[in-house]
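Novice: Following is a predicted model, sequence given first.
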2 protein chains.
Amino acid sequence: MSVTLATDARVWRVGADVDTDALAPGHAMKHGIEVIARHCLETLRPEFAAAVQPGDVIVAGPNFGIGSSREQAAEVLVRLGVAAVIAPSFGGLYFRNAFNVGLLLLTCDEAQQIQEGERIAFDARAGRVVRAGGQVLATEPIPGFLLDMVEAGGLLAQLQQRFKTRSSS
Amino acid sequence: MSVTLATDARVWRVGADVDTDALAPGHAMKHGIEVIARHCLETLRPEFAAAVQPGDVIVAGPNFGIGSSREQAAEVLVRLGVAAVIAPSFGGLYFRNAFNVGLLLLTCDEAQQIQEGERIAFDARAGRVVRAGGQVLATEPIPGFLLDMVEAGGLLAQLQQRFKTRSSS
């Protein structure tokens, strides 16, 4: 199963400047990732954590993931099965953390055209999102090594697989 | 010499959406980094590459470094001695590449208050920029391991130093 390609992903819409505290609330940070995930986006979309399904995508306004450097703000979305976050721009540290933990981010200038509940397709390697009506939106190209890392489940998972392959050969 | 701290850095101002092609022009990409650096920002600030001094900083509008994933767009600024780029937001891949090659980026909501030619101070670990008149602007906190990487001169330089320390101990 490739997470850089999806054909029928349901959209959850959020606005601009969604910060790491909205994704991984401070009050939950003393708990493990399972508990933090239950509080993900509770201030913006209270139903999200309980209702999101594996393969769904988040479509956001500019500056998704600004704020602190806490990795849990990306890990919770992986834990909840979110296939990708699509936004015009991301916090720099969030972008770094996301790929490291295996979360795909697609930078798309026209993301805000996409509607709540819409079903979309995307192909990260080809650099495009296809809307329900067939409209194609371009996404910024992402280097192959980062997409490989996402498909492997993140940096640690990728390194573990590499060492495993080497020691068994 | 720490590159996460500066006391008298001269400011070069550029606008929003400065892309990787403005930093490392496509027509120069067949050459080495030395030649590419001579063309850095030629379309926006033709005098920049020849006049920039080690320790100067670039202050930009939102979305600095959007576009392609070419690492040279960050390397040229290191090569030219730029101490930091300060902007409200950065392209996600640019943020990743910059720290990897030893270029400090400071995310600062109020960056656009800073003027061309102004002399500023910054302390990346404390998360602040101090303007010529004493006004303090907050910058987004950056994890220590990334600042350590910048001080070491980037990811490769840091790994080389680690291996050296280990093999001599």
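Specialist: Good, I have the coordinates. Numbering: from 1, shown residues only, chains lettered A, B, ... in the order given.
Novice: part of a strand, is residue A:137?
Specialist: Yes: under DSSP: H, G, I helix; E, B strand; the rest coil, residue A:137 falls within a strand.
Novice: That one reaches residue A:113, doesn't it?
Specialist: Yes: when contacts are counted by C-beta atoms under 8 Å, residue A:137 is listed as touching residue A:113 (7.0 Å). All C-beta spots, glycine's among them, are computed from the backbone N, C-alpha and C.
Novice: Show me which of those two is the more surrounded one.
Specialist: residue A:137 (19 against 13; other C-beta atoms under 10 Å in any protein chain shown).
Novice: one step back: residues in contact with both of residue A:137 and residue A:113, list them for me.
Specialist: residue A:131 (C-beta atoms under 8 Å, 6 or more residues apart in numbering or on different chains).
Novice: Residues in contact with the least confident helix or strand in chain A by mean pLDDT: which ones?
Specialist: For chain A, counting by mean pLDDT, DSSP states H and E, helix A:155-167 ranks last in confidence among helices and strands (a mean of 81). If you take C-beta under 8 Å, 6+ apart as the criterion, helix A:155-167 is touched by A:99-102, A:148-149, A:152.
Novice: Can you tell me the number of residues neighbouring the nearest residue to residue A:72 once chain neighbours are set aside?
Specialist: For residue A:72, ignoring the flanking residues on the chain, the nearest one in space by C-beta to C-beta, 6 or more residues apart in numbering or on different chains is residue A:24 at 4.1 Å. By the criterion of other C-beta under 10 Å, residue A:24 has 25 neighbours.
Novice: if we look at chain B, which of the contacts of helix A:155-167 are close to it?
Specialist: Restricting the contacts of helix A:155-167 to those touching chain B (C-beta under 8 Å from any C-beta of the partner chain) yields residue A:99.
Novice: List just the nearest of the contacts of helix A:155-167 to chain B.
Specialist: Nearest to chain B among the contacts of helix A:155-167 is residue A:99, at 7.7 Å by C-beta to the nearest C-beta.
Novice: what angle do the helix or strand hosting that closest one and helix B:92-100 make?
Specialist: With secondary structure defined by DSSP states H and E, residue A:99 is part of helix A:92-100. Orientation of helix A:92-100 against helix B:92-100 (axes from the mean of the first three to the mean of the last three C-alpha atoms, to 10 degrees) gives an angle of 90 degrees.
Novice: what packs against the next helix or strand after helix A:92-100?
Specialist: For helix A:92-100, the following helix or strand on the C-terminal side (DSSP H and E) is strand A:105-107. Judged by 3 or more C-beta pairs under 8 Å, 6 or more residues apart in numbering or on different chains; DSSP states H and E, the packing partners of strand A:105-107 are strand A:84-87, helix A:92-100.
Novice: export those to TSV and tack on mean neighbour count and mean pLDDT?
Specialist: Conversion of those to TSV gives the following (neighbours: other C-beta atoms under 10 Å in any protein chain shown; pLDDT from 0 to 100):
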stretch	mean neighbour count	mean pLDDT
strand A:84-87	26	98
helix A:92-100	26	94
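Novice: Columns distance to residue B:87 on top of the ones you listed, output as CSV?
Specialist: Listed next are the helices and strands packed on strand A:105-107 as CSV, based on distance: least, C-beta to C-beta, whole Å:
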stretch, distance to residue B:87
strand A:84-87, 17
helix A:92-100, 10
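Novice: Looking at per-residue confidence, what score does residue A:5 get?
Specialist: On pLDDT, residue A:5 comes in at 89.
Novice: Equivalent analysis for the one 4 residues further on, please.
Specialist: Looking at residue A:9, its pLDDT reads 96.
Novice: other SSEs contacting the helix or strand harbouring it?
Specialist: Using DSSP H and E, residue A:9 sits within strand A:5-13. For strand A:5-13, the elements it packs on are strand A:57-59, strand A:119-123, judged by 3+ C-beta pairs under 8 Å, 6+ apart.
Novice: in its sheet, what does the longest one sit against?
Specialist: Using DSSP bridges, the strands paired with strand A:119-123 are strand A:5-13 (antiparallel), strand A:128-130 (antiparallel).
Novice: Pull out the buried positions in the longest one.
Specialist: In other words, strand A:5-13. Within strand A:5-13, the residues that qualify as buried are A:5-6, A:9, A:11-13, counting by 16 or more other C-beta atoms under 10 Å in any protein chain shown.
Novice: Now for those: which two are most distant?
Specialist: A:5 and A:13 (21.8 Å; C-beta to C-beta).
Novice: now residue A:145, what's its secondary structure?
Specialist: Relying on three-state DSSP, one would call residue A:145 helix.
Novice: Let's see the pLDDT reported for it.
Specialist: pLDDT recorded at residue A:145 is 90.
Novice: Look up how far chain B lies from it.
Specialist: Separation of residue A:145 from chain B (C-beta to the nearest C-beta, to the nearest Å) stands at 10 Å.
Novice: Same question for residue A:110.
Specialist: Per C-beta to the nearest C-beta, residue A:110 is found 14 Å from chain B.
Novice: now do residue A:52
Specialist: Using C-beta to the nearest C-beta, residue A:52 is found at 23 Å from chain B.
Novice: How about the backbone phi and psi for that residue?
Specialist: phi -60, psi 140 (degrees, to the nearest 10).
Novice: pLDDT score assigned to it?
Specialist: On the pLDDT scale, residue A:52 gets 97.
Novice: re the thing from before, now the angle between helix A:92-100 and the least confident helix or strand of chain A, please.
Specialist: Taking the same axes, to 10 degrees, helix A:155-167 and helix A:92-100 form an angle of 30 degrees between their directions.
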